[in-house]
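Asks: Quick check, what structure comes out for this input:
(2 chains)
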2 protein chains.
Amino acid sequence: MIADSTIAIMGLGLMGGSLARAVAGRGARVVAYDRNADHVEQAMRDGIVSAALGRDLGGLEEADVVVLALPVDATCLAMPLLARRATKARLLMDLASTKRSVVACAEAAGVGERFVGAHPLAGSHRSGWGAARASLFESARVFLCPTPSTAPAALRMAEQLWHHLHARTEAMSAEVHDVEMAWCSHLPHIVASALARTLHEAGLPRSALGSGGRDMTRLAGSSTAMWTAIATDNASAITEALTSFEARLRELKEAVASRDATRIRSMLETGREWFAETSAQAEGADAAG
Amino acid sequence: MIADSTIAIMGLGLMGGSLARAVAGRGARVVAYDRNADHVEQAMRDGIVSAALGRDLGGLEEADVVVLALPVDATCLAMPLLARRATKARLLMDLASTKRSVVACAEAAGVGERFVGAHPLAGSHRSGWGAARASLFESARVFLCPTPSTAPAALRMAEQLWHHLHARTEAMSAEVHDVEMAWCSHLPHIVASALARTLHEAGLPRSALGSGGRDMTRLAGSSTAMWTAIATDNASAITEALTSFEARLRELKEAVASRDATRIRSMLETGREWFAETSAQAEGADAAG
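Replies: Here you go, the predicted model:
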């Protein structure tokens, strides 16, 4: 289904750029838009993109599949124009990290039937076309969130596309997706950023850290535009997760401040047991990732 | 200096076991004690340890170098016995992650002149003899903290030993060491553990996380005995670092809760700039580690 298709990709950052490389490598014709025209030109010079889409998305009419690889706020803003221009496409998909508002925007713009929200659980603290690679989605989990009116054929087409790229798909509602991501992804990102800012204010450079401290601050290097969009879009669920984390942290801090070895150890044990339950499995994925 | 020496190692966990492997591989005769006699027997079967030290440390008299590779509380408890038994040794060293109380114990036990506190910034979330490897200290930074009365010859001997193992040494006072570690190492560990407990209570297994979330919780798998000892030993400095982190986290949470994109982005930018300042350097070390 990829070969002989025209796939339009809006946004040639890490996600969109990697998708462009992956589908171009499998014979698709890729047309692209990026607000930075240099990125499109570079992608054309690299032989990945065949044609540039104009700012008004002229050229989108010929696309079989349209992928929005933009921050979540820009994705919603682009939806009405997409609805007007993508007349032929049977599958419209986004790649943003939150899904509830995007799915609602697609429905409101009248493209719900052809729309599937996608969130590949693949990434890097690096961003931009320079960081894009065709193998990014191999073995990755991709969450697919249909709208209330997504046609079964559109969902099936989205699954096939990701399976062609050797990703594994999991379908769920946008609401369930966003709450789970608040805990599993957004909370760790916020924590890493706050930790980075703490060390910055203490005057300690990242080079002073050991491998553990570097692990704990790597996410602070992520795209701030993307993460600002995620944080505002999923604010309620993230705030709830942060409140829970603050309570666990406070308990541990109080035990440390009072040098209560029994309580400290008991809390560390709970964390270690949680780690050990799935560590073999997760570390295997680490090694592959 | 390692070949033809007898090096006594107390504690065959990740640190002590790795040191045993490293010095045995360079020709030292290694004698060892571990509260778990099975570990010593295994190390003897593996051809690393030549003889077991008794529970009263009988046999320590013949050692040229004695290394305490125990949790910090056990290190202090063992110091008087060490002072009585290690009659020949010209260098006594510990490997604990905090240095102030150990250095004070050594001084109080009357071995300050021969004592050098060492903290190799090498580790793993794994622990025990099974995780020990001869290469653990290669390219690692090792902090050396002399007592007020450490003889220059003892400090020089400690430096030579670590340089033989291809580690880099940095000498500083135990006080400076412990404060810096509170921010660079102990704070990230406590945060990782609190994050693990948060996810545990939310019913989310570690296998649900992406690579970023796994990075952020790996330290939760560390030895709880060791980290309880560190947390109680360095409680004041850690509490100060945690208080600062809580304030940075609260600011970010408030910005998220109020969906204030400008403030969120500004805070994320501060973290990202801090990350970028030394990321190339630190990521190089990651790749090597």
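
Asks: Could you pull out the buried residues of stretch A:28-41?
Replies: A:28, A:29, A:30, A:31, A:32, A:33, A:34, A:39, A:40 (16 or more other C-beta atoms under 10 Å in any protein chain shown). C-beta coordinates here come from the backbone N, C-alpha and C atoms, glycine included.

Asks: Restricted to helices, list these.
Replies: Counting by DSSP state H, those place A:39, A:40 in helices.

Asks: Show me the buried residues of stretch A:28-41 that map onto strands.
Replies: Among the buried residues of stretch A:28-41, the members falling in strands (DSSP state E) are A:29, A:30, A:31, A:32, A:33.

Asks: so which of those are also by chain B?
Replies: Among those, no residue is within reach of chain B (C-beta under 8 Å from any C-beta of the partner chain).

Asks: Strands of chain A, start to end?
Replies: A:6-10, A:29-33, A:51-52, A:65-68, A:91-94, A:115-120, A:141-146, A:168-171.

Asks: Mind exporting the C-alpha coordinates of the last one to PDB?
Replies: It stands for strand A:168-171. Listed in PDB are the C-alpha atoms of strand A:168-171, where the atom choice follows Å, rounded to 0.1, in the frame of the first residue of the first chain:
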ATOM      1  CA  ARG A 168       3.400  -2.600  16.400                       C
ATOM      2  CA  THR A 169       0.000  -0.900  16.700                       C
ATOM      3  CA  GLU A 170      -2.300  -0.700  19.700                       C
ATOM      4  CA  ALA A 171      -5.800   0.900  19.300                       C
END
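
Asks: how many other residues sit next to the residue lying closest to residue A:178 once chain neighbours are set aside?
Replies: Excluding the flanking residues, the one nearest residue A:178 by C-beta to C-beta, 6 or more residues apart in numbering or on different chains is residue A:100, at 4.7 Å. For residue A:100, the neighbour count with other C-beta atoms under 10 Å in any protein chain shown is 20.

Asks: one step back: in JSON lines, list the buried residues of stretch A:28-41 along with pLDDT.
Replies: What follows is these, written out as JSON lines (pLDDT from 0 to 100):
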{"residue": "A:28", "pLDDT": "97"}
{"residue": "A:29", "pLDDT": "97"}
{"residue": "A:30", "pLDDT": "98"}
{"residue": "A:31", "pLDDT": "98"}
{"residue": "A:32", "pLDDT": "97"}
{"residue": "A:33", "pLDDT": "96"}
{"residue": "A:34", "pLDDT": "95"}
{"residue": "A:39", "pLDDT": "94"}
{"residue": "A:40", "pLDDT": "96"}
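
Asks: could the buried residues of stretch A:28-41 be laid out in a markdown table, adding distance to residue A:250?
Replies: Formatted as a markdown table, these follow (distance: C-beta to C-beta, whole Å):
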| residue | distance to residue A:250 |
| --- | --- |
| A:28 | 51 |
| A:29 | 55 |
| A:30 | 50 |
| A:31 | 52 |
| A:32 | 48 |
| A:33 | 47 |
| A:34 | 44 |
| A:39 | 44 |
| A:40 | 49 |
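
Asks: Need the contact partners of stretch A:142-161.
Replies: The contact list for stretch A:142-161 (C-beta atoms under 8 Å, 6 or more residues apart in numbering or on different chains) reads A:1-2, A:23, A:65, A:90-91, A:93, A:99, A:103, A:106-107, A:112-121, A:162, A:167-174, A:177.

Asks: before we move on, the earlier item: which one of the ones in strands among the buried residues of stretch A:28-41 is nearest to chain B?
Replies: The closest of those to chain B turns out to be residue A:33 (C-beta to the nearest C-beta; 23.3 Å).

Asks: Could you list the low-confidence segments of chain A?
Replies: A:124-125, A:279-289 (pLDDT under 70).

Asks: domains of it?
Replies: A:6-172, A:177-258 (automatic domain parsing).

Asks: in chain A, which spans are helices?
Replies: A:14-24, A:37-45, A:72-85, A:100-108, A:152-164, A:174-181, A:187-201, A:211-217, A:224-233, A:235-257, A:261-288.

Asks: Please identify which of these is closest to residue B:196.
Replies: helix A:261-288 (3.5 Å; C-beta to C-beta).

Asks: you'd agree residue A:75 is up against residue A:94?
Replies: Yes - between residue A:75 and residue A:94 there is a contact under C-beta atoms under 8 Å: 4.9 Å.

Asks: Pull up the gap between residue A:6 and residue A:64, please.
Replies: Distance, residue A:6 to residue A:64, by C-beta to C-beta, to the nearest Å: 5 Å.

Asks: Can you tell me which residue is spatially central in chain A?
Replies: Geometric centre of chain A, nearest residue: residue A:97, 3.8 Å, by C-alpha atoms, centre = their mean.

Asks: residue of the stretch 101-250 of chain A with the smallest distance to chain B?
Replies: For the stretch 101-250 of chain A, C-beta to the nearest C-beta, closest residue to chain B: residue A:196, 3.5 Å.

Asks: which ones are touching that residue?
Replies: A:206, A:217, A:220, B:270, B:271, B:272, B:274, B:275.

Asks: got JSON lines for the residues you listed, with distance to residue B:132 too?
Replies: As requested, the contacts of residue A:196 are exported to JSON lines (distance: C-beta to C-beta, whole Å):
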{"residue": "A:206", "distance to residue B:132": "28"}
{"residue": "A:217", "distance to residue B:132": "27"}
{"residue": "A:220", "distance to residue B:132": "32"}
{"residue": "B:270", "distance to residue B:132": "40"}
{"residue": "B:271", "distance to residue B:132": "35"}
{"residue": "B:272", "distance to residue B:132": "37"}
{"residue": "B:274", "distance to residue B:132": "34"}
{"residue": "B:275", "distance to residue B:132": "32"}
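
Asks: Run through the residues that contact residue A:47.
Replies: Here residue A:47 is in contact with residue A:24 (criterion: C-beta under 8 Å, 6+ apart).

Asks: what do you get for the one 10 residues further on?
Replies: Going by C-beta under 8 Å, 6+ apart, residue A:57 touches A:10, A:33, A:81, A:82, A:85.

Asks: let's go with 10 Å and repeat that
Replies: The contact partners of residue A:57, taken as C-beta atoms under 10 Å, 6 or more residues apart in numbering or on different chains, are A:8, A:10, A:31, A:33, A:63, A:66, A:78, A:81, A:82, A:84, A:85, A:86.

Asks: and residue A:99, how many neighbours?
Replies: Other residues near residue A:99 come to 29 when the count uses other C-beta under 10 Å.

Asks: Isn't it up against residue A:76?
Replies: No - between residue A:99 and residue A:76 there is no contact under C-beta atoms under 10 Å: 11.6 Å.

Asks: can you list residues touching both of the two?
Replies: Each of residue A:233 lies in contact with both residue A:99 and residue A:76 under the rule C-beta under 10 Å, 6+ apart.

Asks: how much space is there between residue A:118 and residue A:31?
Replies: 19 Å.

Asks: can you check residue A:76 too?
Replies: In terms of C-beta to C-beta, residue A:76 sits 22 Å off from residue A:31.

Asks: Could you do residue A:240 as well?
Replies: Taking C-beta to C-beta, one finds residue A:240 at 41 Å from residue A:31.

Asks: And for residue A:40?
Replies: 9 Å.

Asks: Between these two, which contacts overlap?
Replies: With C-beta under 10 Å, 6+ apart as the test, residue A:40 and residue A:31 both reach A:9, A:49, A:51, A:52, A:53.

Asks: Report the buried members of those residues.
Replies: A:9, A:49, A:52, A:53.

Asks: ok, those residues vs residue B:266, which is closest?
Replies: Nearest to residue B:266 among these, with distances taken as C-beta to C-beta, is residue A:9, at 30.2 Å.

Asks: contacting residues around that closest one?
Replies: Taking C-beta under 10 Å, 6+ apart as the criterion, residue A:9 is in contact with A:15-17, A:19-20, A:23-24, A:28, A:30-34, A:40, A:43, A:48-49, A:53, A:63, A:65-69, A:95.

Asks: quick one: buried residues of stretch A:114-132?
Replies: For stretch A:114-132, by 16+ other C-beta under 10 Å, it's A:114-125, A:127, A:129, A:131-132.

Asks: typed the wrong thing, it's stretch A:162-171
Replies: Along stretch A:162-171, these residues count as buried under the neighbour rule (16+ other C-beta under 10 Å): A:162, A:164, A:165, A:167, A:169.
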